[in-house]
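Student: Return a 3D structure for these sequence lines:
(chains A and B)
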Amino acid sequence: MAVADAKIPRSARDDRRRLIDLSGPALAAVVALLAVMIVLPMGWLVVYAFATKDGQATLGNFVTLFTDPSFVDPLLATLLLSVSVSGLCCLVAAPMGWLAARTDMPLARTVRTLVMASLVTPPFVGAVAWEMLAAPNSGLLNQLWRLVTGAPSDEALFDIYTMQGLIFAIACYTFPYVFILVANALDRMPGELEDASSMLGAGTWATARRITIPLALPTLLAGALVAFLQALNQFGSPAILAIPAGFHTLTTKIWSLFQFPPKPELAAATSLPLLLLTVALLRSQAAILGRRGYAVLGGKYGAPRPIRLGAWRWAAAAFALLVLAMPLFLPYAALINTAFSRISSQLLGPETFTLHNVVFTFWQLSSTLPALQNTFLLATATATLGGVLALLIAYIVARQAVVGHRILGFLATSPLAIPGIVLGVGLFLAYTRPPLTLYGTLWILLIAFITVELPQAYQQLGSAFHSVHPELEEASRMLGATRLRALKDITAPLLRSAAIATWCFIFVGVIRELSAAVILFTSETKVLSVLIFDLKESGDVGAIAVLSLTMVILTTVVIVIANRIGGAYEARVPTRVGA
Amino acid sequence: MKRRSVLAAGLLLPFGARVVSAAPAAEPVTPALVEAAKKEGKVTYYTAMDLSVAEPMAKAFEANYPGIKVAVERSGAERVFNRIGQEMASKIYRVDVVNSSDAAHFISWKGEGWLAPYLSEEMARDLPADGRDPDGLFVNQRTHLSPIAYNSKMIAPADAPKSFKDLLDPKYAGKLVKAHPGYSGTIMTATLQLSRELGWSYFEKLAKQKVLQVQSATEPPKRIEAGERAVAVDGSDYLFWMAKERGSPVEVVFAAEGTPQISNPMGIFKSSPNPNAARLMVSWIMSGEGQSFIVNLSGQYPANTRVKPKEGRPPLASIKTFKEDPAAVEKQADQIKAQYAKYFKV
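Tutor: Predicted coordinates for the structure are as follows:
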């Protein structure tokens, strides 16, 4: 700071100080807003966790939590699930990320785009699609297997209604996070280190073992943690696959405690371990990623030289496409099949083709239109308001415009540690009472969605601000522009594509969000994800397929339009947890 | 909100006749009511009925009274009950007309004083006395059953179960699908009847048969039709029949022990934001026309005595059914859910 200030002419420094004065109230307002959004719900959560039904202080809820098998079993199941998903994701994403980033695998760019595209699919839609594919009897893949092998009618190759099935279905929509982290890290890794190793006589394997793997390891560990957190906080997929199989995870257990007779104290108590575990894991992730700095020891490196795979090139591409079949090709084929057949277990053909589901969804189902409206209203409002809030915070923090800007940065990042379902419980407890009775309005959902999306938005815009040096603004100021003019003419254009990318990510994030919404919706504020979940509970898979495809098409259209306006955006690493 | 544990004697049966009746005067459906309903322009209908029946029924009502939009909020009856409780506690008044497959809910709502009396002239004339609340707060809309059913492509009729006891045979392990009493009012009602007739030990053994646990009573019929499981332990009978009638290999079994029977009461909430449209809708659903629509489409057993049950379906009187006991459900619902969760783990 001091060094930077010394370079700035007196007038500019005075100006900065004047800004500080003006920014005081702005800071207070933003901190108050964040407190209402985050601190208040979490406070009520803690209060409830330590209270009896009548409001007396107690530790009884935690005794129940750690002794009653109906709570201990879900806890153990959740840990097993998260560890397995994490392991499976790394096993698949690490080689795939390496192939895409460091080798001459054909279609590498396509593979990267498709991995990003698979993130647009809400995981709970993926879980429904995998039911269509791998339900033991009616699943299309099992039918195919029986047809080919002639196996008896009660034998199945896959059973999605098992712990293994759930692990697989969640991993399908979690490995992209690990892939993106690994591929981006390998992109940045200096190729010279590997070259040096080869020149000194090490073989490919030795180079990989001594150079590439150690350098990539911290990122992979961070990726493992992200996957662990995703699985830990996932609600939709376990609700769809674990409950039919006869077991709960922590998130579905919390949700079931909101069913009649509601037990909010136990739900709050069950939320706390989930919250603490997430905080602890995020801290270790930060520690690991913080150490990554040692990988790049100054100086500028050329782009790494791709490794020649030779004859294995197409095998590598086939592997990548096979992996992508799991979250993308197969599920969408199943959804299209179901959308246009009367019975989802029958293969689409000229005789089974029907528009019944489309007609039912759009002309009969009276919830479709309100849910679409609510969803797009909320997604647009969240992306816009959340984006502006994130921009404001990122600006204040990046320019260190106010004393105490660190608090802002901390508050804006803290929702990362709050699983969606826990946030839902907290907001429910905080806003079903005066003075702010927001339950039953779209406002409570707006708060939930902004809170959920704020960390990524802030991180993305924060790094964008860091890439625009204040000198540019200051130069403009010295040439006589006002601060606002400088922001408009200098900073805004430079941030444009980042801002639009952020808008898109929030928009997609809101449309995918289920776990907070499922606690907070009322009949009048139903969103698409909740409607799909409702339809799932009554087994109306035809309507689900139509709605899911609609949702994905509309989302894609919005993203394409936004990108036409804003130019290409760089892939961000989405780290949000739970959907 | 709590389910009332103490009940007035007259409320022990939802439709029990009382010596002193406070029934409201039967009202005609006047042009003034229709006008007032059209002015409101909408009505919100909370129901547990399958969407494939509820939405077309709503559209038929809309066609009869253009200008009134029906918002159908369908979920499991137990979810509907929870939702209404949460909404009332937060002073969110949205529900106009409610229809539940758990008759016990109407005992609770009546006890809370949340229901508004209504009786059209046609309802007063055509509904049996045991099919409506003596105070006119709710009427039975229709009756359905929760039988066993199987996919005849997956199981030969000779191998099909004949009774609930048969389902405990190891040969059915992994072949059963079953809905959940914590979600579905049909299943809550059926679980009370089955646990009363066969004992909870029956469910304890059934839980060891690797049952596919779905939520809604409307789902086992869809799973059987899709061939995901061979046998449905329970489910809404009309959906099994509808699947069979469109050519799917679905067969219904009325178990030797008896078959759970479920009445589906309907009432209007006092807090209804569209009280005229609500009355119009209830009067239409209970009229000969509304009842015929439900019967023709789904073949559920009508409540209106002037409407004949659907041709080709077994007459209700010919089926050995269990006795309904909403008052017992009302008292035991939480226990039933807890007991069920203990055996089935979810």
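
Student: How many neighbouring residues does residue 328 have?
Tutor: As the question left the chain open, I've gone with chain A. 19 (other Cβ atoms under 10 Å in any protein chain shown). C-beta here means a position set from N, CA and C on the backbone, and glycine is covered the same way.

Student: that's the other chain; I wanted chain B
Tutor: 16.

Student: Tell me which residues touch the closest residue to it other than its chain neighbours, please.
Tutor: Using Cβ to Cβ, 6 or more residues apart in numbering or on different chains and skipping residues adjacent in sequence, the residue nearest B:A328 is B:L192, 5.9 Å away. Counting by Cβ atoms under 8 Å, 6 or more residues apart in numbering or on different chains, B:L192 touches B:D325, B:A328, B:V329, B:Q332, B:I336.

Student: and if you look at A:S256?
Tutor: A:H248, B:G182, B:V346.

Student: do that again at 10 Å, thanks
Tutor: A:S70, A:P74, A:A239, A:I243, A:H248, A:K263, A:A267, A:T270, B:G182, B:K337, B:A341, B:V346 (Cβ atoms under 10 Å, 6 or more residues apart in numbering or on different chains).

Student: can I assume the fifth one is in contact with A:L166?
Tutor: No. At 11.4 Å, A:H248 does not count as touching A:L166 under the criterion of Cβ atoms under 10 Å.

Student: Would you mind listing the buried residues in the helix or strand encompassing B:L194?
Tutor: According to DSSP states H and E, B:L194 maps onto helix B:185-198. For helix B:185-198, the neighbour count (16 or more other Cβ atoms under 10 Å in any protein chain shown) marks B:G185, B:T186, B:I187, B:M188, B:T189, B:A190, B:T191, B:L192, B:Q193, B:L194, B:S195, B:L198 as buried.

Student: Counting by contacts, list what the helix or strand A:S497 falls within packs against.
Tutor: For A:S497, the element it lies in under DSSP H and E is helix A:492-512. Applying 3 or more Cβ pairs under 10 Å, 6 or more residues apart in numbering or on different chains; DSSP states H and E, one finds that helix A:492-512 contacts helix A:123-134, helix A:368-381, helix A:387-398, helix A:442-467, helix A:528-537, helix A:541-566.

Student: The fifth one vs helix A:368-381, what angle?
Tutor: To tie it back to what came earlier, the one meant is helix A:528-537. Between helix A:528-537 and helix A:368-381, the angle comes out at 140 degrees (axes from the mean of the first three to the mean of the last three Cα atoms, to 10 degrees).

Student: Pull out the buried positions in the helix holding A:S497.
Tutor: The neighbour-count check on helix A:492-512 (16+ other Cβ under 10 Å) flags A:495, A:497-512 as buried.

Student: same thing with stretch A:163-177?
Tutor: A:163, A:165-177.

Student: tell me the domain boundaries of the chain?
Tutor: Since you didn't name a chain, this refers to chain A. A:1-49+A:346-519, A:61-295 (automatic domain parsing).

Student: hmm, I had chain B in mind actually
Tutor: Chain B is divided into the following domains under automatic domain parsing: B:22-142+B:263-314, B:147-259+B:326-344.

Student: For B:T30, list the residues it contacts.
Tutor: B:T30 neighbours (Cβ under 10 Å, 6+ apart): B:A36.

Student: before we move on, the earlier item: can you redo the domains of chain A as JSON lines, where the extra columns are mean pLDDT?
Tutor: Shown next, in JSON lines, are those (pLDDT from 0 to 100):
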{"stretch": "domain A:1-49+A:346-519", "mean pLDDT": "85"}
{"stretch": "domain A:61-295", "mean pLDDT": "91"}
